[in-house]
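Trainee: okay, predicted coordinates and the sequence, questions at the end:
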There are 2 protein chains.
Amino acid sequence: MKPVARGAACPAVPVSNETVTLSHGEGGRAMRRLIRDQIAAKLGRGNVQLHSDAACLGRITKEIAITTDSYVVSPLFFPGGDIGSLAVHGTVNDLAMAGATPCYLTLSLILEEGLPLATLGRVIDSVAEAASNCDVKIVAGDTKVVPKGAADGIFINTTGVGVHSTGQRMTASRIQPGDALLVSGPIARHGLAVLAARESLGFDPPPESDSAPLHRIAAELLETLGDDLRTMRDATRGGIAAVMHEWAEESANAMWIDESQLPLLPESRGVCELLGLDPLLVANEGTFVAAIAPHRVDDALSVMRSHSRCGQPAQIGHARARELSPVLVSRGLGADQPLDEPIAAMLPRIC
Amino acid sequence: MKPVARGAACPAVPVSNETVTLSHGEGGRAMRRLIRDQIAAKLGRGNVQLHSDAACLGRITKEIAITTDSYVVSPLFFPGGDIGSLAVHGTVNDLAMAGATPCYLTLSLILEEGLPLATLGRVIDSVAEAASNCDVKIVAGDTKVVPKGAADGIFINTTGVGVHSTGQRMTASRIQPGDALLVSGPIARHGLAVLAARESLGFDPPPESDSAPLHRIAAELLETLGDDLRTMRDATRGGIAAVMHEWAEESANAMWIDESQLPLLPESRGVCELLGLDPLLVANEGTFVAAIAPHRVDDALSVMRSHSRCGQPAQIGHARARELSPVLVSRGLGADQPLDEPIAAMLPRIC
């Protein structure tokens, strides 16, 4: 018979004050204290309930939207954000892009044994600050601990619940030929920031993530444009290229992009050129694409400009009737080039 | 400058048909195909939507309950269940124990590079079957892939949404001295099953998990007993001991347990004696404790017996006015012994 799992015969595994231990995941006193002192205390009153299997949200009279995302970004901290704020912004943005007002989040942590409690504390502080900025309440939580080597620091799942204030449904199937494609700001910032931080690429200044909540600008766009706003999407994994391919497939149209119109910070352009990356394929976490009726471009750009986060919004192309290729890019070479759907792992673990 | 992240310069990382690769997590074609062929196809129509940031649940007129849990059990498959069914049952049970009817689940996967697609397929089949058995719909999902060594096979987060059919709130603060403490069936089965499977302990027959949904029996108990059902709790991590300590704290009473009344399968008793484990501290995943008004014990046991899963329900003790110890166990030695709150990692990664 092999030895029993660590600590099985005797509850003498030390409960460290400095790092996360397996004891913190086992449903007993250590876990209750960790949750009380390191998590619930930081999230503030009115947030997560300690002693309950499920939280009650009461009655919600409007239509409900729900979304879930797990965050495994490496490194945990990067210029412009960290896994905590990212886990809030990403899920808030998924609701916002669906036209919903974010209201509630659940927060589920998978912690690796040996994680410094100070690191956990920084992440939870960041979750709390981002949730407060986004006006969302954290209503339920879960904490698991796995042995050293069975995870990488912290993984976070946030599931978001929002409400549809209008009956309007935004889907890519509403995109028509001639519709304008707009982007809310400089692209490719998040993917480059995480890549440079993870690989210690030493750029000066280092590229900074665009991680930010989009619910306010999304709500204003929706209110201003109404049905003229066909659909929106934050261009995360796979970048703008992935969104264009999904929209082309769903709408049965083609998406045409003018490369010269893509807003790109000079430092992003430099990094992309140096590393041979196409910014259309690099992830964003606070920058989105919108398809709108062509006569509303100025209105939409004006809303985008009024939100300080959205420097440099731009029209980057338009929808066309489908010919051979679903996504085309004018690269200033005289002929449009088909843009392949991203296939493989260009930048793993960026969210 | 260090080498760029794998595959960054060239999208030539092979997309294996046999195992999960980093490409499957990157938002492009490989991910879309994985989700379409390996996940959505198995979950069936009416479940998860492929191309949407958020799912719309429509209007829900009743009070809403929400709960979240991440599952990191090792091994992924064990006698009586696997991580897929466990992720459904555990979250369904959290809603059921709160008196809510489970309706919707979100499903978020963190996959380790190199995971055989056949393993993923078995897990997703199990999720689908369990969800169908529980009458819950999987409405939103997420898939992330981390490099080999950064996770352990599969981690699953399920977040559950349910509705309160009655206005009744069950909390442990409603427990009064004299209330009966009932358990729905033989205890300690899940923890022992996972421990024996992980450590290859070679018991014959191997202990089998009690993993099962509890929403039907919970609803019937609630309907039958009304306010006489003070509260229920599935005794997962930390076992019955952890629940008793939480109830003692919340109700400011003491919980008294008669060890001789604990339902325990003979094989569980043997394993516990051999390994020196206290079954009160071992996790269950389909067995729960209920605190009820003393005059309703027979009614409650009769409901429990009518659900085939619940063999051997029993009254195991009662609540008392608090004296020195919050939880007491009569071990047949003439004097009641205080039962410590579980402190450390007796059995890590059992859910």
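Mentor: The structure has been received and is ready for your questions.
Trainee: give me the contact list for the helix ranked longest in chain A.
Mentor: Taking DSSP state H as the criterion, chain A has its longest helix at helix A:117-133. Residues outside helix A:117-133 that contact it (CB atoms under 8 Å, 6 or more residues apart in numbering or on different chains) are A:17-20, A:38-39, A:42-44, A:47, A:76-77, A:81-85, A:87-89, A:105, A:107, A:111, A:137-138, A:153-154, A:156, A:213. Every residue, glycine included, has its C-beta placed from N, CA and C.
Trainee: how about residue A:25, what does it touch?
Mentor: Residue A:25 touches A:31, A:111, A:143-146, B:237, B:345, B:348-349, counting by CB under 8 Å, 6+ apart.
Trainee: make it 6 Å
Mentor: By CB atoms under 6 Å, 6 or more residues apart in numbering or on different chains, residue A:25 lies in contact with A:144-145.
Trainee: phi first, then psi, for it.
Mentor: phi -110, psi 10 (degrees, to the nearest 10).
Trainee: repeat that for residue A:170.
Mentor: phi -100, psi 120.
Trainee: try residue A:73
Mentor: phi -60, psi 140.
Trainee: likewise for residue A:290?
Mentor: phi -130, psi 140.
Trainee: from chain B, how far out is it?
Mentor: 13 Å (CB to the nearest CB, to the nearest Å).
Trainee: which residues touch that residue?
Mentor: Going by CB under 6 Å, 6+ apart, residue A:290 touches A:182, A:232.
Trainee: any idea what it is bridged to?
Mentor: Assessed by DSSP bridges, residue A:290 has beta-bridge partners residue A:182, residue A:232.
Trainee: C-terminal to the helix or strand in which residue A:195 is found, what's the next element?
Mentor: Using DSSP states H and E, the element containing residue A:195 is helix A:189-198. Downstream of helix A:189-198, the first helix or strand assigned by DSSP H and E is helix A:215-225.
Trainee: show me what that following helix is packed up against.
Mentor: Judged by 3 or more CB pairs under 6 Å, 6 or more residues apart in numbering or on different chains; DSSP states H and E, the packing partners of helix A:215-225 are helix A:83-97, helix A:297-306.
Trainee: switch those helices over to a markdown table; also include distance to residue A:208, mean pLDDT and mean neighbour count.
Mentor: Shown next, in a markdown table, are the helices and strands packed on helix A:215-225 (distance: least, CB to CB, whole Å; pLDDT from 0 to 100; neighbours: other CB atoms under 10 Å in any protein chain shown):
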| stretch | distance to residue A:208 | mean pLDDT | mean neighbour count |
| --- | --- | --- | --- |
| helix A:83-97 | 13 | 97 | 28 |
| helix A:297-306 | 19 | 96 | 16 |
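Trainee: and chain A, what are its domain boundaries?
Mentor: A:22-164, A:172-338 (automatic domain parsing).
Trainee: what's the most buried one of those?
Mentor: domain A:22-164 (a mean of 22; mean count of other CB atoms under 10 Å in any protein chain shown).
Trainee: between the two ends of it, how far is it?
Mentor: 41 Å (CA to CA, to the nearest Å).
Trainee: give me every residue in the stretch 151-300 of chain A lying close to chain B.
Mentor: A:151-152, A:155, A:157, A:159, A:199, A:201, A:237-238, A:242, A:246, A:250, A:275-276 (CB under 6 Å from any CB of the partner chain).
Trainee: mind checking which of those residues are in helices?
Mentor: Per DSSP H, these map to helices at A:242, A:246, A:250, A:275.
Trainee: now those as CSV including pLDDT?
Mentor: Converted to CSV, these look like this (pLDDT from 0 to 100):
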residue, pLDDT
A:242, 92
A:246, 92
A:250, 93
A:275, 89
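Trainee: which non-adjacent residue is nearest residue A:68?
Mentor: Distances taken as CB to CB, 6 or more residues apart in numbering or on different chains put residue B:106 closest to residue A:68, at 3.7 Å, once the chain neighbours are dropped.
Trainee: again with residue A:84
Mentor: residue A:126 (3.3 Å).
Trainee: that neighbour and residue A:132: what is the separation?
Mentor: 11 Å (CB to CB, to the nearest Å).
Trainee: show me the residue at the heart of chain A, geometrically.
Mentor: Closest residue to the average C-alpha location of chain A: residue A:90 at 2.5 Å, with CA atoms, centre = their mean.
Trainee: hmm, it is touching residue A:69, no?
Mentor: Yes. Using CB atoms under 6 Å, residue A:90 is in contact with residue A:69, at 5.3 Å.
Trainee: ramachandran angles for residue A:337?
Mentor: For residue A:337, the backbone dihedrals (degrees, to the nearest 10) come out as phi -110, psi 140.
Trainee: test my guess that it contacts residue A:327.
Mentor: No. Residue A:337 lies out of contact with residue A:327 (CB under 6 Å); the separation is 9.7 Å.
Trainee: the longest strand along chain A - what's its average pLDDT?
Mentor: When chain A is parsed with DSSP state E, its longest strand is strand A:55-71. Strand A:55-71 shows a mean pLDDT of 91.
Trainee: what do you get for stretch A:32-50?
Mentor: The model assigns stretch A:32-50 a mean pLDDT of 76.
Trainee: follow-up on the earlier one: now the domains of chain A in JSON lines, with distance to residue B:163?
Mentor: Below are these laid out as JSON lines (distance: least, CB to CB, whole Å):
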{"stretch": "domain A:22-164", "distance to residue B:163": "10"}
{"stretch": "domain A:172-338", "distance to residue B:163": "26"}
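Trainee: any idea which of these gets closest to residue B:315?
Mentor: Among the domains of chain A, the nearest to residue B:315 by CB to CB is domain A:22-164 (22.3 Å).
Trainee: ok so, going back, now do the helix holding residue A:195: which elements does it pack against?
Mentor: For helix A:189-198, the packing partners by 3+ CB pairs under 6 Å, 6+ apart come out as strand A:77-78.
Trainee: repeat that with 10 Å
Mentor: Helices and strands touching helix A:189-198, as assessed by 3 or more CB pairs under 10 Å, 6 or more residues apart in numbering or on different chains; DSSP states H and E, comprise strand A:77-78, strand A:81-82, helix A:266-275.
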